[in-house]
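3D model of this:
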Amino acid sequence: MTMLEAAPNAVTTVMRALADPTRRAVFERVFESKEISVAELTRGSGVTQGAISQHLKSLKLAGLVVERAEGRNVYYRAAPQGLEPLVEWMDHYGVFWRERFQNLRSLLKEIDP
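Numbering: from 1, shown residues only. The predicted model follows:
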């Protein structure tokens with residue numbers, strides 16, 4: 001059994017979490033920051049604090065962010081290891097595409113040397 005067969009839910013969970021454009025934008029802001037609070041994420045986003053919190057909850061459940069409480073504030077930072085199932089999935093199919101592109105390059109060279 002391959003890693004892809006063993007953990008299809010992990011790949012699906014990460015893909016679903018990042019499929020939403022707003023959630024993906026939240027993840028990108030968290031990723032770009034060393035650590036960021038919900039209030040900071042909300043500022044200038046055009047999204048309510050409640051919506052930001054819901055997106056962060058989904059990202060946390062997908063293993064893409066971790067939180068740290070300090071008093072009444074909660075700070076988030078990216079958990080890059082959460083992307084591992086997606087990276088492994090892409091690597092698996094990357095072999096397929098690399099072979100196809102090499103075949104295409106060879107064909108194009110034969111057609112137009």
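
so what does the helix ranked longest in the chain touch, helix or strand wise?
When the chain is parsed with DSSP state H, its longest helix is helix 84-111. If you count contacts as 3 or more C-beta pairs under 8 Å, 6 or more residues apart in numbering; DSSP states H and E, helix 84-111 packs onto helix 3-6, helix 8-19. In short, each C-beta sits where N, CA and C put it, glycine included.

quick one: the longest one to chain centroid distance?
Just to be clear, that refers to helix 8-19. 8 Å (C-alpha atoms, centre = their mean, to the nearest Å).

so what secondary structure elements neighbour it?
helix 21-32, helix 49-61, helix 84-111.

coming back round to it: which stretch in the helices and strands packed on helix 84-111 is the model least sure about?
Across the helices and strands packed on helix 84-111, the stretch with the lowest average pLDDT is helix 3-6; it has a mean of 48.

G50 and E70, how far apart?
Note on G50: its distance to E70, by C-beta to C-beta, to the nearest Å, is 21 Å.

follow-up on the earlier one: in CSV: the helices and strands packed on helix 8-19, plus mean pLDDT and distance to T42.
What follows is the helices and strands packed on helix 8-19, written out as CSV (pLDDT from 0 to 100; distance: least, C-beta to C-beta, whole Å):
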stretch, mean pLDDT, distance to T42
helix 21-32, 95, 10
helix 49-61, 96, 5
helix 84-111, 83, 27
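
Quick one: closest of these to E40.
Each of these has some distance to E40 by C-beta to C-beta; the shortest is helix 21-32, at 8.5 Å.

So what are the sheet partners of whatever helix or strand comes next after the closest one and their directions?
Once the chain leaves helix 21-32, the next helix or strand it forms, by DSSP states H and E, is strand 36-37. According to DSSP bridges, strand 36-37 forms sheet pairs with strand 73-78 (antiparallel).

what angle separates the strand it pairs with from helix 49-61?
Here strand 73-78 runs at an angle of 50 degrees relative to helix 49-61 (axes from the mean of the first three to the mean of the last three C-alpha atoms, to 10 degrees).
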